[in-house]
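K.L.:
Fold the stuff below for me.
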Amino acid sequence: MDALKVELSQYEAQLSQIQMAISASADGPEKDNLITLEKDITELIKLTKDSLQPNEDQETKSDPDPLADEYKLFQAELAVIDSDKNDEERESVQLDDTKVMDLDGLHSDLKSMEGMKCQAPYKYAWTEDVTYHNALIFCIEDLDTVTNSDDIQVRVMFTNPTHKEMLPCPYYLDGECKFSDEKCRFSHGEKVFLNSLRDYRDPDFGILTEGRPVLAKKDDGLWHRAVIKSIDGVKAIVKFDSNFEEEIHFQNILPLEGSDGSDESDSDSENDNLDDQTAHNEEIVRRILMAPPSSALGDWEKFTKGFGSRIMAKMGYIHGSGLGREGKGRVEPVSAVILPAGKSLDHCMMLREHSGGDKDFFKAEKRMKQIQKKQEKMLQRSYEREKNRTDVFMFLNKNLGQSNKNESRDQKNTQKQLQSESTRSLNVTSLQLAEEVRKVEKEVKSLKNSLSRYSNQSKEFSVLKEKLNDRQTKLSQLKASEQRIANEQELRRDRKKLTVF
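P.N.:
Numbering: from 1, shown residues only. I've put the predicted structure just below:
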């Protein structure tokens, strides 16, 4: 009898533990097994109490046979254990059959999902926020090893990629890509959990109006943010953020649905309010779809404690979206441009033009100074060359000038030399002088044209002026020589006529 009481207390302790486990466990086959075990232990406690009650009554009346009572109790326990084992075996067989049937049905259902449209999450590299984009289910990852619906992963391809990392790889779709998922510049699909997918939303082209923000597809295959300028049938002229306008078919346009309506009335349900909040958040997310900013807002706070960003986050600011209540404000920070000290705005604007888009004006100023120094060196070398040439001409002019001074003294000798030349030699010399005169006249004309392009105070003007004077002096000398030969030829013709008469 004491043994029965001990066993009864043990059964009651086990029952309390099982009840605690049932309250802590989630719905499923494990909880069902615990409930069945609870029923069995409850029945066993009842049988033990029933067998204990007669024994207590008999103790008051007479001394019972302890062996007989123990034997009866042993038989009762064996019967209960046998029934429990049979029930567990039947339940395990039924559960195994159900699991096999459920897995087969799950695999077939998952296989049929390939190619379905959906909205899949995507996390940009420059922000912690997750955005949803239209996508197609490409395949089910590790389908043969799937045992739990919460662990199912799918590979999706985005149908409206906004960045190259989202653009599907054409070679991967054909099964010919030689790069791995990490090394390929394009997307081999995004792995996401099945329970994170959302229903696909068909684009509503009825909301397209002038000034409506949309995503438009360019020739590079990416969808860029744009605004509707005009609509013509099934085509529309859109203006991209780069101020480039293009006529695009509706099939290459994705309208961005905004949350234009006001707050719902107090009679609306809580679900409607949640839907409005979700739509508002999606509108903010769509504003993040534009090209990644050149610098993140608050990026400078990585050098500080980031107090400002934390305050903005507590006030409801979503990192990566625009400023303001609706997220329509500035996305990029106002960049500070350092201008050279003591320079005029005209000089700064000239530096901006020469910088070629570089915000560092000091580099542009340094580059301009280098170019100016190079030009000065080139002009100096040119001046030295022209100076050397001028010295040569001065040497020639000096010699020619000395010959001109001695010309009066040697005029008789020159005249005698011309008289000693033959007529044929004079004709050849006359032709050579005429050709030389034409050449020098052409040089004089070219120098005069070049001289008109420079001011009187420039170095180039003085150099060209000296060259022009030299050429003009040479021209006058050539013409004088030509005139002397012509006089000699004329004199010989007159003598010939007199000889005939």
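K.L.:
Secondary structure element for the nearest residue to Ile248 once chain neighbours are set aside, which one?
P.N.:
Residue nearest to Ile248 in three dimensions, not counting chain neighbours: Ala216, with 5.3 Å by CB to CB, 6 or more residues apart in numbering. For every residue, glycine as well, the C-beta is placed using N, CA and C. Assigned by DSSP states H and E, Ala216 belongs to strand 213-217.
K.L.:
Show me what the biggest strand by length in the chain is packed against.
P.N.:
If you go by DSSP state E, the chain has its longest strand at strand 130-141. Helices and strands touching strand 130-141, by 3 or more CB pairs under 8 Å, 6 or more residues apart in numbering; DSSP states H and E, are strand 117-123, strand 153-158, helix 270-287.
K.L.:
before we move on, the earlier item: show me what contacts the residue nearest to Ile248?
P.N.:
Counting by CB atoms under 8 Å, 6 or more residues apart in numbering, Ala216 touches 223-224, 226, 238, 240, 246, 248, 252-254.
K.L.:
Just the buried subset of those residues, please.
P.N.:
Burial by neighbour count, 16 or more other CB atoms under 10 Å: within the contacts of Ala216 this picks out 223-224, 226, 238, 248, 252-254.
K.L.:
ok, these vs Thr304, which is closest?
P.N.:
Ranked by distance to Thr304 (CB to CB), those are led by His224 at 34.2 Å.
K.L.:
what's the helix or strand harbouring the closest one in contact with?
P.N.:
Secondary-structure assignment from DSSP H and E places His224 in strand 223-232. Contacts of strand 223-232 from elsewhere in the structure, counted by CB under 8 Å, 6+ apart, are 160-162, 208-218, 236-241, 245, 247, 254, 289-291.
K.L.:
Does Phe234 touch Asn252 like I think?
P.N.:
Residue 234: Val, not Phe. No: under the criterion of CB atoms under 8 Å, Val234 is not in contact with Asn252, lying 10.8 Å apart.
K.L.:
If you count neighbours, what's buried in the strand holding Ala216?
P.N.:
Buried-residue list, strand 213-217, by 16+ other CB under 10 Å: 213-217.
K.L.:
Now do it and strand 130-141, the angle between them.
P.N.:
Note on geometry: by axes from the mean of the first three to the mean of the last three CA atoms, to 10 degrees, strand 213-217 and strand 130-141 are set 40 degrees apart in direction.
K.L.:
Taking strand 223-232 as reference, get the angle to strand 213-217.
P.N.:
Regarding strand 213-217 and strand 223-232, their directions subtend 110 degrees when assessed with the same axes, to 10 degrees.
K.L.:
could you give the mean pLDDT of strand 213-217?
P.N.:
Confidence over strand 213-217 (mean pLDDT, whole number) is 89.
K.L.:
Only the C-alpha atoms, please, for it, written as PDB.
P.N.:
As requested, C-alpha coordinates have been extracted for strand 213-217 and formatted as PDB (Å, rounded to 0.1, in the frame of the first residue of the first chain):
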ATOM      1  CA  PRO A 213       6.600  59.900 -61.100                       C
ATOM      2  CA  VAL A 214       7.400  56.600 -62.700                       C
ATOM      3  CA  LEU A 215      10.200  54.100 -63.300                       C
ATOM      4  CA  ALA A 216      11.200  53.900 -67.000                       C
ATOM      5  CA  LYS A 217      13.400  51.400 -68.700                       C
END
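K.L.:
what ranges of the stretch 401-501 of the chain fall below the confidence cut-off?
P.N.:
Confidence mapping of the stretch 401-501 of the chain against pLDDT under 70 gives the ranges 401-416, 500-501.
K.L.:
Could I get the full set of helices for it?
P.N.:
With DSSP state H, counting those that start in this stretch applied, the stretch 401-501 of the chain shows helices at 407-420, 423-451, 459-500, listed in chain order.
K.L.:
Looking at the buried residues of strand 213-217, which is nearest Glu441?
P.N.:
Using CB to CB, the shortest approach to Glu441 within the buried residues of strand 213-217 belongs to Ala216, at 67.6 Å.
K.L.:
returning to that earlier point: identify the neighbouring strands of the strand holding His224 in the sheet and state each direction.
P.N.:
Based on DSSP bridges, the strands next to strand 223-232 in the sheet, each with its direction, are strand 213-217 (antiparallel), strand 235-240 (antiparallel).
K.L.:
Specify the angle between that strand and strand 153-158 in degrees.
P.N.:
Angle, strand 223-232 to strand 153-158, by the same axes, to 10 degrees: 50 degrees.
K.L.:
Tell me if I'm right that Val192 and Gln153 touch.
P.N.:
Yes: taking contact to mean CB under 8 Å, the distance of 6.9 Å between Val192 and Gln153 places them in contact.
K.L.:
Okay, and the beta partners of Lys224?
P.N.:
You called it Lys, but residue 224 is His. Per DSSP bridges, the residues bridged to His224 are Ala216.
K.L.:
now swap in Cys118 and tell me
P.N.:
Residues in beta-bridge contact with Cys118 (DSSP bridges): Ala135.
K.L.:
so how far is Tyr132 from it?
P.N.:
Here the criterion is CB to CB, to the nearest Å. By it, Cys118 lies 9 Å from Tyr132.
K.L.:
Comparing the two, which shows the higher neighbour count?
P.N.:
Under the neighbour definition other CB atoms under 10 Å, Cys118 and Tyr132 were set side by side, and Cys118 has more, 22 against 17.
K.L.:
any idea how far Lys448 lies from Leu468?
P.N.:
7 Å.
K.L.:
Same question for Glu490.
P.N.:
As it turns out, when the distance is counted by CB to CB, Glu490 lies 32 Å from Leu468.
K.L.:
Neighbour count: those two, which is higher?
P.N.:
A side-by-side neighbour count of Glu490 and Leu468, using other CB under 10 Å, places Leu468 first with 17 against 10.
K.L.:
quick one, what contacts the nearest residue to the more buried one once chain neighbours are set aside?
P.N.:
Excluding the flanking residues, the one nearest Leu468 by CB to CB, 6+ apart is Leu447, at 4.4 Å. Taking CB under 8 Å, 6+ apart as the contact definition, Leu447 lies against 464, 467-468, 471.
K.L.:
still on that earlier bit, tabulate the strands paired with strand 223-232 in a markdown table, adding columns for distance to Arg310.
P.N.:
Compiled in a markdown table, those are given as follows (distance: least, CB to CB, whole Å):
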| stretch | distance to Arg310 |
| --- | --- |
| strand 213-217 | 31 |
| strand 235-240 | 35 |
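K.L.:
Quick one, which of the ones you listed gets closest to Gln417.
P.N.:
Taking the strands paired with strand 223-232 one by one with CB to CB, strand 235-240 is closest: 86.3 Å.
K.L.:
So Asp204 is in contact with Pro255, correct?
P.N.:
Yes: in terms of CB under 8 Å, Asp204 counts as a neighbour of Pro255; the distance is 6.0 Å.
K.L.:
quick one, which of those two is more surrounded?
P.N.:
When neighbours are counted by other CB under 10 Å, Asp204 and Pro255 differ, and Pro255 comes out ahead with 18 against 9.
K.L.:
I'd assumed Val214 was in contact with that one.
P.N.:
Yes: counting by CB under 8 Å, Val214 is a contact partner of Pro255 at 5.4 Å.
K.L.:
any shared contact partners between those two?
P.N.:
Shared contacts of Pro255 and Val214, defined by CB under 8 Å, 6+ apart, are found at Leu208.
K.L.:
No further questions, thank you.
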